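1. 3D model of this:
(2 chains)
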Amino acid sequence: MTVGLVLQVVLAGVGVAAALVVPTRWRSPAVGTLAAALGVTGLVTGLAATGGAQGTLRISTQVADLTYGPTALGGLFVALVAGVGTLAAVYGIGSAHGAAASRTQWAAFVVFLFGLLGVPAAADVVGFLVAWEVMAGASAVLVLADQACADRATSAAARSAGTWYAVLTHVSFVAVAAGFAVLAAATGTTDLAGIAAAAPTGWTADLAFGLLTLGFATKAGLVPLHVWLPKVYPVVPAHSAGLMSVAPKAGLYGLVLVVWTLLPDGPRWWALVLVALGGVSAVSGIVQAAVTTHLRRLLAYSTAENLGLMVLALGLAALYREAGLDAAAHVALVACLFLALGHAAFKSVAFLAAGAVQQATGEHDLDRLGGLTRTMPWTAGAFGVAALGAAALPVTGGFVAEWMLLQALLAGGHADDPVVAVTAPLALAVIALTAGLALMTFVKAYGIGFLARPRGNPAPEKAPRAEPGEAHLSMRAAMVVGSLVVIALGMVPGPVARGLAGIVDGSGITTTGTAGVDLGPLGAVLNPVALTLLAALVTLPVLAVTAAVAERVPRTTEVPAWGCGQVRDSARTQYTATSYAEPLTRVFDDAVRPGRDVQVDHVAESRFLAEQVRYSQQIGDVVEERAYRPVIRAADRLADAARRVQNGSLQRYLGFALAALVVVLVVVS
Amino acid sequence: MSAAVAILLQVCVVVAAAPGVAGVTRQVRARLEGRVGAGVLQPYRDLRKLFAKRPLQASGTSWVTRAAPVLLVASSLVVAALVPVVTTQALPDVPGDLFVVVSVLLVGSVAVALLGLDAGSAFGGMGSSRHMMITALVEPTVLLAVYALSVPVDSSALGDIVGARHEDLTSIASPGGLLAVAALAVVVVAETGRLPVDNPSTHLELTMVHEAMVLEASGRDLARIELASWLRLTVLLALVVNLVAPWGIATSTTALALLVGTLAVVTKTALLAAVLGAAEIGLAKLRLFRVPELLAGSFALAFLAVTAAYLV
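-> Numbers count the residues shown, from 1 in each chain, chains lettered A, B, ... in the order given. Sure, this is the predicted structure:
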């Protein structure tokens, strides 16, 4: 395994060198291939680590030693990140052009992937923090580097996104570093295994938990620390967005590491904090996703939702373990990790497909998209599979994960502990509402974005080629492979779940039948292959009848759609994403706070006749408006007040110097 | 006989009875409204007519228009195989796990919602949007009711739940059990698009939910959609009736038990269908934005059921 780690360092170095040296024409193929090789190496290393392989890489510097050697849990996250990294790199070969294929972008891409691989591989605190900072810095470059060549509007958005991201990412780094410092000081070692062996308790542990949770939750994009998500994803190039879709998993890894490995004897309120954080994040993330019309923003908010579900599952696992329900705790943790796997697969595919759509049509607003199943069948298919996974429908990985989580909740329903018995149904209601809204969100994303006819009139300067064409071969390959993983996780979850159970020492979960899951002590079985076979068997007669009839009575296509007795074939009369979400926006009016504006121009002769009605709606982020803006405004005011001190007058500066001198003299004497 | 044969029989019974159940509700309703009615057998005749007709497909539609009706029927048939209608026996590899049943139902809902969007007509989009909003808000109630039913028997397999109620009839009358079934009944009304959530016999596009989504479907596509929604109605009514009054349901797979189970479920479901038809006389469709209030009430019932199940 040490070989794999060394090879990663070498490949990352070669990749960065190639990004800087190779001329523009060959840059994307060359660096993309190298980055994919880095990803494959990481995948192999990670899988080896989950299988129990040992091996470390120690880098000695004058200041401190960095040690890398993934544990089984770390190996899982290395493999997960590496898998997504490989897909994104392969996709980048075909997708990166122009500004997206600049030296900075590709170099930052490789460094970002390298940093992401290093975080879960780290075996000591210093190594962890260095990898974390490498990842954070490189991703900030990815966000900011695009603006130089983009148009003015994008550039402003990218600058704002870059600022938000840089600030929050460093808040996260400081919190994580401080948290680890507390742990290292309390245990006297920087080795992660050493910290776990001598885990502190009491207020030291509480402090470390608080700081680390703050830091990791920021990276994981949990509400209310999610504000960077919807800003960053729309402005990075398509392949980088695919890679960044897995970045929140670094935060999740951190949380699992802290709660499950480093501080396993935490008090009950930690678990409840995590459950509450996860629940709030899940519901508010998906409500925002359901009402937004920007495809990538929608996916970003849905990331906040999914990470919320994972953290909820983690909190539940901690709660169960504390209450002595070990079997249910293991199932909840396996559900959390399964969600992470499923989410990594479907969200990366969704971001890659959204990038392909944007490249082909120049459009990311669902209100203007439509009809892409005909022009981009591969992309539409991949997005469809990803949407199925995100909506947690059978037979995808998302469904299996959610099923496991629900079974774990059921196991808590008859616990003797009143806290557990109340938390479980409440968590269930949260998950159910989330699942329902996710369904609506992804029906909207696929149905409005890809079905029917293009909703049309893009701004002239953004007008694309006459007919959007299908994506480049490498992009299609990446999306198809990702979709197959989404389905494979749903069809053969048994071995995967057993492997995950092995990682967290949960022996109750076994495989059943053809690769189904058997939750053992919980007495629940899910066999997707058998379910699919059953569906095929019962549908077969229907299909046979249909085929027999179809031969006799063929179908007539190309008739006009029903227009209430009239011909209404303008594409403008179709439902848009805004109108699709309108009932929901009304139901959640208090939470979403949409700004609406209706302008009616009347005909000159009569004010009862309208010539033109313009409707516009703006939906901001409530958390950003209510929680962050006041802080930013206060900071601005403080800075303005401070500016008065420095007004350019020489006398005043001399006065300050004199005052300082007097103070020093007083203090000294 | 093995469980597989019993399940096959159950699916056949449901398919054969589904149009009849729709016919009973319509006929009861017609009689109570003072009309003669088309007769209980009219849905069968409708199906035969629609299957023979040439389907029209709007221009600009995609694969969804062809696949959605099949998916919808498939999901309804799978649910018919998973839910204990005739027998509580289940296939060993596919127990009727309630969470799975809900997901399979959702596959059908999503298929029909996409069908509504595919033709690009405003009505389809309108129906689809309303339908998904209701589905999203129903979801917490569904799962919480499922949870309340599952906790006492420590299993989410429907066969176990109904079986336990069949063995211990007092558990049906327990507060938790009653509240859960009440919540589930509201959910069934919302899921199958009956009054007061949706009006299946409306002819005004602007008030439609389910009907608006299938406006573009015709011929055999429409036949499959109609059949699927009748199947759904039948299976869910049979589930409710088996939860409230599990008498007669086959707990083994002998021929006699299955025969008794079939007769019992057909009678009970027909009765419930008649009650449903009669109840709809006195109901008007709720305003769309009042539906969340109805669902919130049902959610409260389900939550009470959970806490009652814990306390008792």
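
2. C-alpha from now on. contacts and neighbour counts both.
-> Will do.

3. helix/strand/coil for the residue nearest to residue A:472 when sequence neighbours are not counted?
-> Distances taken as C-alpha to C-alpha, 6 or more residues apart in numbering or on different chains place residue A:94 nearest to residue A:472, at 5.6 Å, with adjacent residues excluded. Under the three-state scheme (DSSP: H, G, I helix; E, B strand; the rest coil), residue A:94 adopts helix.

4. ditto for residue A:598
-> strand.

5. same check on the one 3 residues further on?
-> When the structure is split into helix, strand and coil by three-state DSSP, residue A:601 lands in strand.

6. burial of residue A:654, as a residue count?
-> By other C-alpha atoms under 10 Å in any protein chain shown, 11 other residues sit near residue A:654.

7. give me the contact list for the strand or helix carrying it.
-> Residue A:654 belongs to helix A:650-668 when assigned by DSSP states H and E. Defining contact as C-alpha atoms under 8 Å, 6 or more residues apart in numbering or on different chains, one finds that helix A:650-668 is touched by residue A:646.

8. give me that answer again for 10 Å
-> With C-alpha atoms under 10 Å, 6 or more residues apart in numbering or on different chains as the test, helix A:650-668 has contacts from A:645-647, A:669.

9. looking at these, which are in helices?
-> Among the contacts of helix A:650-668, DSSP state H puts residue A:645 in helices.

10. which two in the contacts of helix A:650-668 are spaced the farthest apart?
-> Spanning the widest gap among the contacts of helix A:650-668 are A:647 and A:669, at 31.8 Å by C-alpha to C-alpha.

11. does residue B:297 touch residue B:183 like I think?
-> Yes. Contact status for residue B:297 versus residue B:183: in contact at 8.4 Å, counting by C-alpha atoms under 10 Å.

12. okay, the nearest residue to residue B:117 once chain neighbours are set aside and residue A:563: tell me how far apart.
-> Using C-alpha to C-alpha, 6+ apart and skipping residues adjacent in sequence, the residue nearest residue B:117 is residue B:125, 5.0 Å away. For residue B:125, the distance to residue A:563 equals 12 Å [C-alpha to C-alpha, to the nearest Å].

13. between the two, tell me which one has more neighbours.
-> Between residue B:125 and residue A:563, residue B:125 has the larger neighbour count (other C-alpha under 10 Å), namely 32 against 15.

14. still on that earlier bit, contacting residues around the residue nearest to residue A:472?
-> By C-alpha under 10 Å, 6+ apart, residue A:94 lies in contact with A:28-29, A:32, A:239, A:471-476.

15. residue A:249 now?
-> Neighbour list for residue A:249: A:77, A:80-81, A:116, A:120, A:216, A:219-221, A:255, A:307, A:310, A:340-341, A:343-344 [criterion: C-alpha under 10 Å, 6+ apart].

16. which secondary structure element is home to it?
-> Taking DSSP H and E as the definition, residue A:249 sits inside helix A:248-256.

17. ok now that helix, how far from the chain's centre?
-> Offset of helix A:248-256 from its chain centre (C-alpha atoms, centre = their mean, to the nearest Å): 11 Å.

18. next one: stretch B:131-139
-> Relative to its parent chain, stretch B:131-139 has a centroid offset of 15 Å by C-alpha atoms, centre = their mean.

19. do stretch B:296-309 as well
-> With C-alpha atoms, centre = their mean, you get 21 Å for stretch B:296-309.

20. likewise for stretch A:599-606?
-> The answer for stretch A:599-606 is 47 Å, by C-alpha atoms, centre = their mean.

21. please save the CA atoms from stretch A:52-59 in CSV.
-> Taking Å, rounded to 0.1, in the frame of the first residue of the first chain, the C-alpha atoms of stretch A:52-59 are listed here in CSV:
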residue,chain,number,x,y,z
GLY,A,52,-7.2,-4.6,5.8
ALA,A,53,-3.9,-3.8,4.0
GLN,A,54,-1.5,-1.9,6.1
GLY,A,55,1.3,0.5,5.1
THR,A,56,2.3,4.0,5.8
LEU,A,57,4.1,6.8,4.1
ARG,A,58,6.1,9.1,6.4
ILE,A,59,7.3,12.4,5.2
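
22. ok so, going back, so for residue A:647 and residue A:669, which sits in the more crowded spot?
-> Per other C-alpha under 10 Å, whichever of residue A:647 and residue A:669 has more neighbours is residue A:647, with 10 against 6.

23. quick check, pLDDT for the residue in the stretch 151-300 of chain A that chain B sits nearest to.
-> Ranking the residues of the stretch 151-300 of chain A by distance to chain B (C-alpha to the nearest C-alpha) places residue A:290 first, at 10.2 Å. pLDDT for residue A:290: 93.
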